[in-house]
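Student: Pasting the sequence and the predicted coordinates here, then a few questions.
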Amino acid sequence: DLTVVEDLTTFGSEDSLWLKMRREARWDSIKEPALASYLYSTILSHRTLERALAFHLGNKLSSSTLLSTQLFSLLNDTFMEDADIRRAIRDDIEAVKERDPACVSYTHCLLNFKGFLSCQAHRVAHRLWNQGRHSLALAIQSRVSEVFQVDIHPAARIGSGVLFDHATGVVVGETAVIGNNVSILHHVTLGGTGAVGGDRHPKIGDGVLIGAGATILGNITIGAGAKIGAGSIVLIDVPPHTTAVGNPARLIGGKQKPTKLK
Amino acid sequence: DLTVVEDLTTFGSEDSLWLKMRREARWDSIKEPALASYLYSTILSHRTLERALAFHLGNKLSSSTLLSTQLFSLLNDTFMEDADIRRAIRDDIEAVKERDPACVSYTHCLLNFKGFLSCQAHRVAHRLWNQGRHSLALAIQSRVSEVFQVDIHPAARIGSGVLFDHATGVVVGETAVIGNNVSILHHVTLGGTGAVGGDRHPKIGDGVLIGAGATILGNITIGAGAKIGAGSIVLIDVPPHTTAVGNPARLIGGKQKPTKLK
Amino acid sequence: DLTVVEDLTTFGSEDSLWLKMRREARWDSIKEPALASYLYSTILSHRTLERALAFHLGNKLSSSTLLSTQLFSLLNDTFMEDADIRRAIRDDIEAVKERDPACVSYTHCLLNFKGFLSCQAHRVAHRLWNQGRHSLALAIQSRVSEVFQVDIHPAARIGSGVLFDHATGVVVGETAVIGNNVSILHHVTLGGTGAVGGDRHPKIGDGVLIGAGATILGNITIGAGAKIGAGSIVLIDVPPHTTAVGNPARLIGGKQKPTKLK
């Protein structure tokens, strides 16, 4: 395994984001000796960002019957095999750092943001699902729902540069699609409208912002750059660059009248 | 104990649902060797569905100060003593399998659905509560709220064939009553209207469907077959087979005009 | 350390609340032998309320990489050093016991109420934050969000006598301020209105009651004694002793027409 890692020159010593994160962790462990051994085991002892993430997630998702060592291998191997996931991990970290004013460092995001951790676990579950490994993918979904309170069906498709802020209570259904650079607050549901199968969940365009507690139901489209107000119940398509608010949601702003809503 | 189990002929080798679940688990452990030891310890090593459920729940609800072995015995003994709970467990599994299109197998429900697991833990807590064992019942409620984010007061009465879908954030108050064949989505509250004691929580009729994030408050009645829209705030009685939506909720459809809402 | 404890005469044998709690725990362990060793390790083996709370919280917030012994010392030391936190812990326990009809005893609150436990963990994180120990404060925030689903930024200021009822899904932003004797139900958000920094979160006056699922956004003021209805989306100032309900919230009752809303 070490040989493989050495060959992947985008990792380890060549990875500027990972070098930044290691610098942050070293600085934090000097400033806060109470965290030094925690930071060593979660960040500083790992050659790559992927390995650190696999270790941290494996620990968090493990249980008395699902071993952390087994989860670590599964997560790390998946990261090693899939360049798209590796890119998405980095895009997501940058998105959190850029868009969440409460995020103080890259390490802070990696260690502490359950939305970020849930999303990366989903990326692994999604790959397993597409390989036909449904029972393992569903086991990961279930642990993420218990541990981070983020319930994303492994078949759901999620772009990169996605921010799940706070994340508690997020539910994303089986046929939902989330574009790139989307921001989703806590308690958001992308759900269905009844107990029928088939394509039944929302499609979220690039750059959409969905406020806390918004519930978007059915196979509808939220256009690129749209904004969904906190607590809205959305049952209709929302055109691009338009704002929807209320219960039930109505459209209030187009491209020319942007509105705030987080 | 083994003798007791042998005597109960509805269990073990005579139990067709349990035989189906064991077949599913065997098939999954062949298809996914990474889960084989997990499936053996949670399903295949147990003679009965009740024993498997007690083992799985006991592990999940245990902590450094509440031992899994002690919880296992308490859960398993309660299941052995109460035929109504045993029937309700089976009705609930069938309800999840039938009404949730994302549920792929009975084993999937048993192992992964925190709404199902929370409901069965509640059934045990409710029996303890009725026996006057309040402190133990409240300790179980508390662990279920921490581990599965489902907060059901042990005094609440819940029928059988109940589906708690996704389940994160569900809150059910002390004097609430939930009928048979009810479906409840995540973030649903059956709460009170103030800090007064007494009978203060909703009564939910048979076959009711409550959408995600609906909040139903006070000692009101939701009639059989009614539907409560996602995100609704319900403060008034809802007649049978009627739909209520909005904040505050208004009645929109009777028996003749069914509406979708999950 | 023992010497320090002996010197603080408000603790241990002189502390009437703690004596009451120990009596409750002894009584419960006689009535429910299944909980005797749990009650001994969490309550009866500790000289002070603070030590018991530090032990219980340390266990709950610990992980494979954050040791319970380390958390215990950090929590207990902070309680010993800060008389305001010690007073607030007691005010909060009294508030839960007085205002929540489902709370049967002080011990019940200490052991089982994740809102109470989250609030005390926050008090420690807030002190660390003010001492410039940001990474440790953020690690505690993160564990509380995972374990109790209560996400309070360590910089947020919270008064005493505060009740977080049920607590699942509560989110409190960095610049939020919560007064004394406030009651906050589950799924409540005190959030921002966009990705800008600075003073951007609500200020909640003394004695305010915020119903389940209410979302209060922006640097607005909720006046003393105001009531916010369940599921309300509040984007405007609410005067003292006034009730706000709806999405978006409108003001409906002043001092003379109190309304119920939990």
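Tutor: Sure thing, it's come through. Only a predicted model underlies this, so the values are computations on that prediction, with no experimental measurement involved.
Student: Could you tell me how far the residue of chain A found nearest chain C is located from C:Leu66?
Tutor: Taking Cβ to the nearest Cβ, chain C has its nearest neighbour within chain A at A:Asn112, 3.6 Å off. Bear in mind the C-beta positions are built from the backbone N, C-alpha and C, glycine included. For A:Asn112, the distance to C:Leu66 (Cβ to Cβ, to the nearest Å) stands at 12 Å.
Student: where do the strands sit along the stretch 1-150 of chain A?
Tutor: A:150-152 (DSSP state E, counting those that start in this stretch).
Student: Output the set of residues of it in proximity to chain B.
Tutor: A:63-66, A:70, A:74, A:133-136, A:138-139, A:141-142, A:145-146, A:149 (Cβ under 8 Å from any Cβ of the partner chain).
Student: among those residues, which ones are buried?
Tutor: Among the residues of the stretch 1-150 of chain A next to chain B, those scoring as buried are A:63, A:65-66, A:74, A:133-136, A:138-139, A:141-142, A:145-146, A:149 (criterion: 16 or more other Cβ atoms under 10 Å in any protein chain shown).
Student: Widest-spaced pair of those?
Tutor: Greatest spacing in these, by Cβ to Cβ: A:Arg133 and A:Gln149 (24.1 Å).
Student: I'd like the distance between the spatially most central residue of chain A and A:His126.
Tutor: Compute the mean C-alpha point of chain A, and by Cα atoms, centre = their mean the closest residue is A:Cys119, 2.4 Å away. For A:Cys119, the distance to A:His126 equals 10 Å [Cβ to Cβ].
Student: joint contacts of these two?
Tutor: Shared contacts of A:Cys119 and A:His126, defined by Cβ atoms under 8 Å, 6 or more residues apart in numbering or on different chains, comprise A:Ile158.
Student: what does the stretch 151-262 of chain A have sitting close to chain B?
Tutor: A:151, A:153, A:168-169, A:171, A:173-174, A:187, A:189, A:191-197, A:200, A:213, A:215, A:217, A:231, A:233, A:247-248.
Student: ok, and of those, which contact chain C?
Tutor: Okay, of those touching chain C (Cβ under 8 Å from any Cβ), that's A:Thr168, A:Gly169, A:His187, A:Gly213, A:Gly231, A:Asn247.
Student: Out of these, flag the one nearest to C:Leu35.
Tutor: The closest of those, once distances to C:Leu35 are taken by Cβ to Cβ, is A:Thr168, at 29.6 Å.
Student: neighbours around that closest one, how many?
Tutor: 28 (other Cβ atoms under 10 Å in any protein chain shown).
Student: For it, give me its contacts.
Tutor: Contacts of A:Thr168 by Cβ under 8 Å, 6+ apart are A:114, A:149-150, A:186-187, B:168-169, C:145, C:149, C:151, C:168-169, C:171.
Student: three-state assignment of it?
Tutor: Assigned by DSSP: H, G, I helix; E, B strand; the rest coil, the conformation of A:Thr168 is coil.
Student: how near is it to A:Ser145?
Tutor: 11 Å.
Student: Not counting residues beside it along the chain, what's closest to the closest residue to chain B within the stretch 101-250 of chain A?
Tutor: Nearest to chain B in the stretch 101-250 of chain A, going by Cβ to the nearest Cβ, is A:Ser142, at a distance of 3.6 Å. Spatially, and ignoring its direct neighbours in sequence, A:Ser142 is nearest to B:Asn112 (3.6 Å; Cβ to Cβ, 6 or more residues apart in numbering or on different chains).
Student: What of A:Gly197?
Tutor: A:Gly197's closest residue in space is B:Pro101 (Cβ to Cβ, 6+ apart), at 4.3 Å.
Student: Just the ones of the residues of the stretch 1-150 of chain A next to chain B in helices?
Tutor: Using DSSP state H, the subset of the residues of the stretch 1-150 of chain A next to chain B located in helices is A:Gln70, A:Leu74, A:His134, A:Ser135, A:Leu136, A:Leu138, A:Ala139, A:Gln141, A:Ser142, A:Ser145, A:Glu146.
Student: Looking at those residues, which is nearest B:Ser29?
Tutor: For these, the nearest to B:Ser29 is A:Ser135 (8.7 Å; Cβ to Cβ).
Student: Near the residue lying closest to that closest one once chain neighbours are set aside, how many other residues are there?
Tutor: Among residues not flanking A:Ser135 along the chain, B:Asp28 sits closest, at 4.5 Å (Cβ to Cβ, 6+ apart). B:Asp28 is flanked by 24 other residues according to other Cβ under 10 Å.
Student: what's near enough to touch B:Asp28?
Tutor: Counting by Cβ under 8 Å, 6+ apart, B:Asp28 has contacts A:Ser135, B:Leu35, B:Leu39, B:Ser105, B:Thr107.
Student: Quickly list what A:Gly191 is bridged to.
Tutor: A:Gly191 has these beta-bridge partners by DSSP bridges: A:Leu217.
Student: If I look at it, what pLDDT would I see?
Tutor: Predicted confidence (pLDDT) at A:Gly191: the value is 97.
Student: same question, the one 10 residues further on
Tutor: For A:His201, the pLDDT comes out at 97.
Student: quick one: it and A:Ala176 touch, right?
Tutor: Yes. Applying Cβ atoms under 8 Å, one finds A:His201 in contact with A:Ala176, separated by 3.8 Å.
Student: Common neighbours of those two, please.
Tutor: What both A:His201 and A:Ala176 touch, as defined by Cβ under 8 Å, 6+ apart, is the set A:Ala156, A:Leu190.
Student: Quick one: the helices in chain A, in order.
Tutor: A:2-7, A:16-31, A:36-39, A:49-61, A:68-81, A:83-99, A:106-112, A:114-130, A:134-148.
Student: Including mean pLDDT, could those helices go into JSON lines?
Tutor: JSON lines is the format used below for the helices of chain A (pLDDT from 0 to 100):
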{"stretch": "helix A:2-7", "mean pLDDT": "40"}
{"stretch": "helix A:16-31", "mean pLDDT": "96"}
{"stretch": "helix A:36-39", "mean pLDDT": "95"}
{"stretch": "helix A:49-61", "mean pLDDT": "97"}
{"stretch": "helix A:68-81", "mean pLDDT": "96"}
{"stretch": "helix A:83-99", "mean pLDDT": "97"}
{"stretch": "helix A:106-112", "mean pLDDT": "96"}
{"stretch": "helix A:114-130", "mean pLDDT": "98"}
{"stretch": "helix A:134-148", "mean pLDDT": "97"}
